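*Asks:* take a look and give me a structure for this.
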Amino acid sequence: MKRTLTFLVLGLLCITAFAQWKPAGEKIKTAWAEKIDVNNVLPEYPRPIMERGDGQNMNGLWEYAITKTGAAQPENFDGEILVPFAVESSLSGVQKTLGAENELWYKRSFTIPSTWKGKTILLHFGAVDWKSDIWINGIKVGTHKGGYTPFSFNVTPFLNKSGEQEVVVKVWDPSDKGYQPRGKQVSKPEGIWYTPVSGIWQTVWLEPVAEKYIETVRTTPDIDNQRVTVELITKNTAYADVYEVLVMDGNKQVASAKASTCQALEIPIPEAKLWDTENPFLYDLKIKLMSDGKVVDAVDSYFAMRKISTKRDENGIVRLQLNNKDQFQFGPLDQGWWPDGLYTAPSDEALKYDIQKTKDFGFNMIRKHVKVEPARWYTHCDKMGMLVWQDMPSGDRSPRWQNHEYFTGTELIRSDESEANYRAEWKGIMDYLYSNPSIVCWVPFNEAWGQFKTEEIAEWTKAYDPSRLVNPASGGNFYTTGDMLDLHNYPGPGMYLYDAQRATVLGEYGGIGLALEGHLWATDRNWGYVQFKNSKEVTDEYVKYGEELYKMIKAGFSAGVYTQTTDVEGEINGLMTYDRKVIKLEEDRLRKMNQKIVNALNE
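*Replies:* Okay, the predicted model is just below:
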């Protein structure tokens with residue numbers, strides 16, 4: 001079921017603000033940016049892996065102010081900002097750089113519907129970059145560190161009995177001046193490094209729940225034993241509280257089971273319909289939480305019966321397998337940036353578009369590069385049958401990078417605070433995305449960016465989630481740990497190392513550039529690994545590299561990643577322009593080449 005959250009309307013204030021708000025700056029924008037309605041921003045239900053029937057969207061115009069770090073809450077605010085777009089973005093209406101020396105303040109009022117009386121009220125944030133402090137009616141209720149994971153607070157005790165409520169959010173984000181995970185954000189963008197993203201950048205929403213409620217649903221499929229394990233994380237429940245799970249195939253009930261909330265359920269799924277890239281079948285879950293025989297909470301979820309693994313083929317090459325069958329995984333490096341919203345897509349339609357075009361191009365995988373997306377992005381992948389390699393956003397600093405041999409240097413030694421932050425956020429990301437079947441591989445490090453304790457982190461990642469593969473160090477520094485050896489080579493594919501014990505993959509190659517006038521973020525500093533003058537030339541080069549990769553599959557490559565889905569700021573090596581208005585390659589030839597590569601192990 002497609003659900004949206006009701007918007008809180010601020011009457012005349014909103015109407016006046018709507019007349020005043022407009023995108024900031026003069027840089028290129030997507031077509032979706034032209035349809036922005038400040039009273040209806042990203043209204044879709046933000047957490048489709050666990051849906052309830054009620055909630056209120058807090059996206060829209062908030063007051064904002066920028067003060068020096070450590071200053072008190074300002075009495076007067078600077079203007080209005082459109083949430084959930086980062087303050088540096090055009091769609092925020094502000095487009096100002098925050099920096100480590102400043103803090104960003106948000107404020108808005110809201111009301112609680114009378115129908116929520118007696119309920120526990122949760123205030124959810126999809127993501128806020130980086131450190132956030134939250135006040136309700138002048139009372140500080142919580143702090144969160146981490147730019148990529150959702151968080152929430154029970155605000156019930158701090159609400160006024162009636163009338164208007166006030167929420168204030170303070171954000172500090174040091175970008176590349178700090179140790180925290182930040183991906184491609186830098187204070188001085190150039191080349192492969194992009195504009196900082198600070199503040200609220202995913203949906204904010206209110207949700208009413210009972211005193212006892214479901215926090216998380218975790219599902220683990222096991223196709224070999226024809227069962228799925230369902231585990232709940234609940235709040236305020238007792239040993240005697242029970243949950244019931246119904247497994248549905250459309251309107252048909254497949255299975256049902258009950259357990260105490262402190263117990264996991266192993267539910268048989270006989271003659272299971274398997275999820276794969278061509279037939280991404282999803283089972284629905286209906287879950288009820290019961291206390292003293294009464295239903296106190298209910299959520300809808302879903303899961304897929306699928307397995308990801310590796311196995312040596314008849315030639316001794318370790319291959320990636322989906323559902324116990326060899327499969328060559330091939331897709332683009334996907335940065336998830338937008339010229340108007342930066343980290344935030346201007347609409348759900350836009351968010352889905354990139355995945356759909358990737359599918360149309362004939363790919364079966366996406367490598368989500370040093371960024372984590374909103375929950376809806378992963379649900380779109382689940383529904384479309386798109387495999388996802390999920391990177392940990394990089395942070396801290398880089399040690400020496402060796403990418404043509406196994407690492408012989410000394411690894412980065414992070415501070416205790418930096419290491420603890422990395423571990424907490426990486427665990428949080430895996431917890432957040434654990435139940436999405438599209439995710440088949442975790443990537444803790446990329447090209448030595450902030451890389452430390454590689455073997456320990458890779459082994460911990462695998463132990464924490466043994467149901468997925470671990471790509472320990474995409475592009476180096478290499479250790480004999482995890483499930484694969486991941487080479488990077490530009491511009492064409494190259495196999496300069498091979499691991500007979502793990503899968504050998506080409507984690508990045510390509511970067512073929514084409515600058516199209518009228519679709520450029522910057523007109524004077526565009527960059528690609530190689531550059532051509534028209535679509536035919538770029539397509540010819542793409543096909544040439546594709547044929548080279550195809551031959552290397554027989555020699556030992558088990559996956560490949562092409563750079564990249566779209567242009568991003570000064571990088572003009574995308575399959576599409578940054579504004580998504582032009583597909584830069586000849587699409588029929590692109591798809592034909594990609595399908596040849598994807599099907600290479602099925603011949």
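
*Asks:* give the rounded mean pLDDT of the longest helix along the chain.
*Replies:* Secondary structure assigned by DSSP state H gives helix 535-555 as the longest helix of the chain. In this model, helix 535-555 has a mean pLDDT of 97.

*Asks:* what is it packed up against?
*Replies:* On a contact count with 3 or more CB pairs under 8 Å, 6 or more residues apart in numbering; DSSP states H and E, helix 535-555 meets strand 503-510, strand 512-513, strand 557-563, helix 587-598. No exception for glycine: its C-beta is placed from N, CA and C like everyone else's.

*Asks:* the same query, at a cut-off of 7 Å, please.
*Replies:* Where contact means 3 or more CB pairs under 7 Å, 6 or more residues apart in numbering; DSSP states H and E, helix 535-555 is packed against strand 503-510, strand 512-513, helix 587-598.

*Asks:* buried set for it?
*Replies:* The neighbour-count criterion (16 or more other CB atoms under 10 Å) identifies 535, 538-543, 545-546, 549-550, 552-553 as the buried residues of helix 535-555.

*Asks:* sorry, back to before: how about the helices and strands packed on helix 535-555 in JSON lines, adding mean neighbour count and distance to S291?
*Replies:* As requested, the helices and strands packed on helix 535-555 are arranged in JSON lines below (neighbours: other CB atoms under 10 Å; distance: least, CB to CB, whole Å):
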{"stretch": "strand 503-510", "mean neighbour count": "25", "distance to S291": "47"}
{"stretch": "strand 512-513", "mean neighbour count": "26", "distance to S291": "59"}
{"stretch": "helix 587-598", "mean neighbour count": "18", "distance to S291": "49"}
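
*Asks:* in CSV, list the ones you listed along with distance to H519 and mean pLDDT.
*Replies:* Converted to CSV, the helices and strands packed on helix 535-555 look like this (distance: least, CB to CB, whole Å; pLDDT from 0 to 100):
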stretch, distance to H519, mean pLDDT
strand 503-510, 19, 98
strand 512-513, 13, 96
helix 587-598, 17, 98
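
*Asks:* nearest to K286, out of these?
*Replies:* Evaluated over the helices and strands packed on helix 535-555, closeness to K286 peaks at helix 587-598, with 35.1 Å, by CB to CB.

*Asks:* H404 reaches N489, doesn't it?
*Replies:* No: taking contact to mean CB atoms under 7 Å, the distance of 9.4 Å between H404 and N489 leaves them out of contact.

*Asks:* between the two, which one's more packed in?
*Replies:* Counting neighbours by other CB atoms under 10 Å for H404 and for N489 shows that N489 has the greater number, 17 against 11.

*Asks:* now do the same contact list for that one.
*Replies:* The contact partners of N489, by CB atoms under 7 Å, 6 or more residues apart in numbering, come to L506, Y509.

*Asks:* same check on V230?
*Replies:* Listed by CB under 7 Å, 6+ apart, the contact partners of V230 are T219, V245, A264, L265, I267.

*Asks:* as CSV, these with distance to A210, pLDDT and secondary structure would be great.
*Replies:* Listed next are these as CSV, based on distance: CB to CB, whole Å; pLDDT from 0 to 100; DSSP: H, G, I helix; E, B strand; the rest coil:
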residue, distance to A210, pLDDT, secondary structure
T219, 23, 98, strand
V245, 18, 98, strand
A264, 22, 97, coil
L265, 21, 98, strand
I267, 25, 98, strand
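
*Asks:* go through the residues you listed and name the one nearest T310.
*Replies:* Using CB to CB, the shortest approach to T310 within those belongs to T219, at 22.3 Å.

*Asks:* now for that closest one, how many residues are close by?
*Replies:* Summarising burial for T219: neighbours were counted as other CB under 10 Å, giving 21.

*Asks:* same check on F407?
*Replies:* 19.

*Asks:* find me the pLDDT at it, would you?
*Replies:* Predicted confidence (pLDDT) for F407: 95.

*Asks:* how far away is the residue nearest to it when sequence neighbours are not counted from A458?
*Replies:* With CB to CB, 6 or more residues apart in numbering as the criterion, F407 has its nearest non-adjacent residue at 3.7 Å, and that residue is N477. Per CB to CB, to the nearest Å, N477 is found 12 Å from A458.

*Asks:* ok, what's across the strand from W135?
*Replies:* In this entry, W135 is beta-bridged to K140, V168, by DSSP bridges.

*Asks:* test my guess that it contacts Q165.
*Replies:* No: contact criterion CB under 7 Å: W135 and Q165 do not qualify, at 10.9 Å.

*Asks:* dump the helices and strands packed on helix 535-555 into TSV; add distance to L575 as well.
*Replies:* Converted to TSV, those look like this (distance: least, CB to CB, whole Å):
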stretch	distance to L575
strand 503-510	9
strand 512-513	9
helix 587-598	7
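
*Asks:* so who does the nearest residue to G528 once chain neighbours are set aside touch?
*Replies:* Computed as CB to CB, 6+ apart, the closest residue to G528 that is not its neighbour in sequence is G513, at 2.1 Å. Listed by CB under 7 Å, 6+ apart, the contact partners of G513 are G528, Y529, V530, Q531, I572, N573.

*Asks:* so G513 bridges to which residues?
*Replies:* For G513, the beta-bridge partners are Q531 (DSSP bridges).

*Asks:* next one: phi and psi at Q185?
*Replies:* phi -80, psi 130 (degrees, to the nearest 10).

*Asks:* which strand residues bridge it?
*Replies:* Assessed by DSSP bridges, Q185 has beta-bridge partners Y194.

*Asks:* which of the contacts of V230 sits closest to Y302?
*Replies:* For Y302, the closest of the contacts of V230 turns out to be T219, at 8.3 Å, with distances computed as CB to CB.

*Asks:* contacts only, for the closest one.
*Replies:* For T219, the set of contacting residues under the criterion of CB under 7 Å, 6+ apart consists of V228, T229, V230, F303, S435.

*Asks:* which ones among those lie within strands?
*Replies:* Counting by DSSP state E, these place V228, T229, V230, F303 in strands.

*Asks:* what number of residues are in the vicinity of the nearest residue to the third one once chain neighbours are set aside?
*Replies:* Residue nearest to V230 in three dimensions, not counting chain neighbours: L265, with 4.7 Å by CB to CB, 6+ apart. For L265, the number of neighbouring residues by other CB under 10 Å comes to 19.

*Asks:* next up, the contacts around L265.
*Replies:* T229, V230, V245, A257, A259.

*Asks:* also A304?
*Replies:* When the contact criterion is CB under 7 Å, 6+ apart, the partners of A304 are P221, W275, F281, L282, D382, P437.

*Asks:* just checking, which of the residues you listed belong to strands?
*Replies:* If you go by DSSP E, the contacts of A304 have P221 in strands.

*Asks:* give me the buried subset of the contacts of A304.
*Replies:* Buried residues within these, defined by neighbour count using 16+ other CB under 10 Å: P221, W275, L282, D382, P437.
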